[in-house]
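Enquirer: Can you look at this prediction? I've put the sequence above it.
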Amino acid sequence: MTDDAKPGLSRRGLFGLAGAGVVGAGIGFGVDRVLTPEASTSGAAGVYPFFGENQAGIVTPAQDRLHFASFDVSDISRNELQELLEDWSYAANRMTSGLGAGEFGPADGPYDSPPDDTGEALDLPPAGLTITFGFGPGLFDERFGLGGKRPEALIDLPHFPGDALIDGLVGGDLCIQACSDDPQIAVHAIRNLSRIAFGRAKLRWSQLGFGRTSSTTRAQVTPRNLFGFKDGTANLRAEDTNVGKEIWAQNGDGPAWMTGGSYLVSRKIRMTIETWDRTSLREQERVIGRNKGEGAPLSGGTEFTEPDFAVTGRADAPLIDETAHVRLAHPETNSGATMLRRGYNFVDGNDDLGRLNAGLFFICFQRDPRTQFVPVQLSLARNDAMNEYVRHVGSGIFAVPPGATSDRPIGAGLFG
Ligand SMILES: C=CC1=C(C)c2cc3[nH]c(cc4nc(cc5[nH]c(cc1n2)c(C)c5CCC(=O)O)C(CCC(=O)O)=C4C)c(C)c3C=C
Ligand SMILES: [Fe+2]
């Protein structure tokens, strides 16, 4: 992060100025440095532009670290909510470009005021930082006059069999997903956005994640989750021809303000890894439906071979068990439903019995959770052999609006 403040430009109202042509085209927020053609299309030098048709942090390559935060909006007006989203967009655009969160750097600006940036990212590159904003169902209640703007796809998630949700880990009016290859950068982003929101929105719950459990481009090696299995082999990826149709809300899908957006579902899933670690390799592979070494389906082939659920072995038993995770999650079992998974491992310390509070912070993006996440999760919740080793303790659903531009902050379409 560099400290090249742009005195003279105030954070609030910049969008208006840019829209009116007062700030030069492409310079909104004073971050001309990143709005070069290379940086805005290629993610060169670890920069994924904040501005764009769709938000970054979805189909852009999954980074190694996550800080996810859910917020409750305080007792503020509709205008103040709009200003918060402007201020967040301004800061997010700067931080993803490698700049400080505010006009002034952490070590300059008015000496008698708190600095505009907290400072821990000074001298660090953005390391692929993406900041992705989402709106929870609560934002569309009576407080801000947004009831008529709620997309039908932004459902209240149903109760799934076996759910053990903890109140404090569920829901939220707003969410921010910050991903980077440097944990300090992801934390810096959430910390500064929370600071900026002071008095307007308050953290409800948050989650740190390490070790991506998905690949979102073919160039990435498939990582492993805390069960030790490759995770993300059959994920939707940027190169897939159908990816856009599966994850972006299309014209006519719902309210126009969501076109080019997506729906994020998060599930905090505890994994009882101590029990798993005492389980035979045969049982572990039966539960997943793939082998542990290569990640190949138990029906045969190599990692990227499509599973064949019809193949049987001894005593005519299917090689991929009827209750195996990959069978129950596969599009073939779910009327073709797919999703883009973008989750992370977590370890939140340990309990009194000396067991790690470990698991997978599952995140997925899709065009419509009613036909994608929900039926797949229902099928898993009912029959997945993995249920013996996992427990869903947190949950969230958020409408992720299309990307911001230099004259339209995130969610601008909501207030039109
Ligand atoms: C509702 C969606 C899903 C939840 C929740 C979920 C939890 C979960 N998954 C693993 C480990 C693996 N999942 C794998 C594949 C896979 N999982 C889902 C969906 C959910 N998983 C899908 C759609 C798929 C792809 C199915 C397919 O098309 O074949 C795999 C296999 C490798 C891979 O393809 O990624 C593993 C391993 C854990 C540990 C977990 C909760 C803790
Ligand atoms: Fe899975």
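Expert: Perfect, thanks for sending it. Numbers count the residues shown, from 1 in each chain. Ligands and ions are numbered 1, 2, ... in the order given.
Enquirer: can stretch 262-272 be found next to ligand 1?
Expert: Yes - contact of stretch 262-272 with ligand 1 (C-beta under 6 Å from any ligand atom) involves 267, 269, 271. C-beta here means a position set from N, CA and C on the backbone, and glycine is covered the same way.
Enquirer: Need the buried ones from those residues selected in ChimeraX.
Expert: Buried residues within those, by 16 or more other C-beta atoms under 10 Å, are selected in ChimeraX with:
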select :267,269,271
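Enquirer: Which of the residues of stretch 262-272 next to ligand 1 lies at the shortest distance from ligand 1?
Expert: The closest of the residues of stretch 262-272 next to ligand 1 to ligand 1 turns out to be residue 269 (C-beta to the nearest ligand atom; 4.0 Å).
Enquirer: can you tell me the helix or strand for the closest one?
Expert: strand 262-271 (DSSP states H and E).
Enquirer: Off-centre distance for that strand?
Expert: Distance of strand 262-271 from its chain centroid, counting by C-alpha atoms, centre = their mean, to the nearest Å, is 9 Å.
Enquirer: What is the least confident helix or strand in this structure?
Expert: Lowest on mean pLDDT, DSSP states H and E among the helices and strands of the chain sits helix 37-42, with a mean of 35.
Enquirer: before we move on, back to that, could I get the residues of stretch 262-272 next to ligand 1 as a markdown table with pLDDT?
Expert: As requested, the residues of stretch 262-272 next to ligand 1 are exported to a markdown table (pLDDT from 0 to 100):
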| residue | pLDDT |
| --- | --- |
| 267 | 98 |
| 269 | 98 |
| 271 | 98 |
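Enquirer: Just put the residues of stretch 262-272 next to ligand 1 in CSV and tack on distance to residue 156.
Expert: Listed next are those as CSV, based on distance: C-beta to C-beta, whole Å:
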residue, distance to residue 156
267, 15
269, 20
271, 26
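Enquirer: Sketch out the low-pLDDT regions of the stretch 151-300 of the chain for me.
Expert: In the prediction, the stretch 151-300 of the chain carries no residues with pLDDT under 70.
Enquirer: Quick one: name the residues of it near ligand 1.
Expert: The stretch 151-300 of the chain comes close to ligand 1 at residues 225, 227, 229-235, 267, 269, 271, 288, 290, as judged by C-beta under 6 Å from any ligand atom.
Enquirer: residues touching the closest residue in space to residue 152 that isn't next to it in sequence, list them.
Expert: Closest residue to residue 152 apart from its sequence neighbours, by C-beta to C-beta, 6 or more residues apart in numbering: residue 254 at 5.9 Å. Neighbouring residues of residue 254 by C-beta atoms under 8 Å, 6 or more residues apart in numbering: 151, 152, 153.
Enquirer: In JSON lines, list the residues you listed along with distance to residue 192.
Expert: Listed next are the contacts of residue 254 as JSON lines, based on distance: C-beta to C-beta, whole Å:
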{"residue": "151", "distance to residue 192": "29"}
{"residue": "152", "distance to residue 192": "34"}
{"residue": "153", "distance to residue 192": "31"}
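Enquirer: which one among the residues you listed gets closest to residue 188?
Expert: If you rank the contacts of residue 254 by distance to residue 188 using C-beta to C-beta, residue 151 comes first, at 31.5 Å.
Enquirer: Give me the neighbour count for the closest one.
Expert: 19 (other C-beta atoms under 10 Å).
Enquirer: does it sit in a helix, a strand or a coil?
Expert: When classified by DSSP: H, G, I helix; E, B strand; the rest coil, residue 151 comes out as coil.
Enquirer: what's the spacing between the closest residue to residue 368 other than its chain neighbours and residue 336?
Expert: Using C-beta to C-beta, 6+ apart and skipping residues adjacent in sequence, the residue nearest residue 368 is residue 153, 4.7 Å away. Remark: distance between residue 153 and residue 336 (C-beta to C-beta, to the nearest Å) = 17 Å.
Enquirer: Same question for residue 278.
Expert: Using C-beta to C-beta, residue 278 is found at 37 Å from residue 336.
Enquirer: Looking at the two, which is more packed in?
Expert: Neighbours per residue (other C-beta under 10 Å) separate residue 278 from residue 336, with residue 336 holding more: 11 against 8.
Enquirer: quick one: pLDDT of the more buried one?
Expert: Per-residue pLDDT puts residue 336 at 98.
Enquirer: Please give me every residue in contact with it.
Expert: So residue 336 contacts nothing (C-beta under 8 Å, 6+ apart).
Enquirer: and it, how far is that from residue 351?
Expert: Using C-beta to C-beta, residue 336 is found at 40 Å from residue 351.
Enquirer: if we can go back for a sec, continuing past the strand holding residue 269, what's the next helix or strand?
Expert: Counting by DSSP H and E, the next helix or strand C-terminal to strand 262-271 is helix 273-276.
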